[in-house]
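Participant: Show me how the following folds:
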Amino acid sequence: MSIALLLGPTGLVGSHLLHQLVDAPEYTRVIALSRRPLDLKHEKLTVVISELKDVERHRDELQANDIFCCLGTTIKAAQTKDAFRAVDHDAPLAVARLQEDRLHKIFIVVSGLGAAPDSMFFYSRVKAEMEQDLAGLDFRHVFAVRPSLLLGQRRQLRPGEILGEIGALPFIPLMRGSWRRYRPIQAGTVADNMLRIARGQSVREGMEWAKL
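Facilitator: Got it, this is the predicted structure:
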């Protein structure tokens, strides 16, 4: 039996994955790293309350077999590029480096469609750098899932994302072949696929992912 660690349990994907992890029979314990208390109460769930910059203080509390990272923000929400990078790059790496005996652990992270070091978009360059740096940490396996526009009910209303969802819906049936990867995807489906990857199962069609 294994321990799962979830980073970002209150986000769009993380909130779905949290429920899936506590229901997963292979995990005897689920650790959730959060900046605030969670509404969910479960006998398998341990919540570690911490700011991302302070995770070093919780090294012993954050040890797990499988690590699921659903951290993510937007430059608009973060307000600066440095603040965005601190969440989407620095925080996943900080928790990854705390893990002892990494050769026996799995790290699965939500990245972004189009992540590339030479991208013209800052967001995509940061995601690519995060992937590359995680791949260099000698985990048994590192996987990056790269969803397109996420669909689902958000805690915080982001007008740009809502408009993006509405605008993309009429075009979904037309997104076939090489365009299928750009189809919007339900956050719950992304969460389900992350758990399937941890289990060594096939990922459902409709989401790009990679073993790093």
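Participant: Tell me if I'm right that Ile106 and Leu137 touch.
Facilitator: No - Ile106 is beyond contact range of Leu137, at 11.9 Å (criterion: Cβ atoms under 8 Å). Just so you know, the C-beta spots here come from the backbone N, C-alpha and C atoms, and that holds for glycine as well.
Participant: Compare neighbour counts for the two and give me the winner.
Facilitator: Between Ile106 and Leu137, counted using other Cβ atoms under 10 Å, the more crowded position is Ile106 (20 against 16).
Participant: mind listing what that one touches?
Facilitator: Residues counted as contacts of Ile106 (Cβ atoms under 8 Å, 6 or more residues apart in numbering) are 65-67, 139-143, 198.
Participant: Next step: those restricted to helices.
Facilitator: Ala198 (DSSP state H).
Participant: From the contacts of Ile106, pick the one nearest Val126.
Facilitator: Of all the contacts of Ile106, Val142 has the smallest distance to Val126: 16.8 Å, by Cβ to Cβ.
Participant: Which residues are in contact with the spatially most central residue of the chain?
Facilitator: Geometric centre of the chain, nearest residue: Cys70, 2.3 Å, by Cα atoms, centre = their mean. The contact partners of Cys70, by Cβ under 8 Å, 6+ apart, come to 6-9, 11, 13-14, 17, 110, 191.
Participant: Repeat the analysis, applying 10 Å as the threshold.
Facilitator: Listed by Cβ atoms under 10 Å, 6 or more residues apart in numbering, the contact partners of Cys70 are 6-18, 92, 108-110, 145, 187, 190-191, 194.
Participant: Same question for Val47.
Facilitator: Listed by Cβ under 10 Å, 6+ apart, the contact set of Val47 reads 6, 9, 18, 30-34, 36-38, 40-41.
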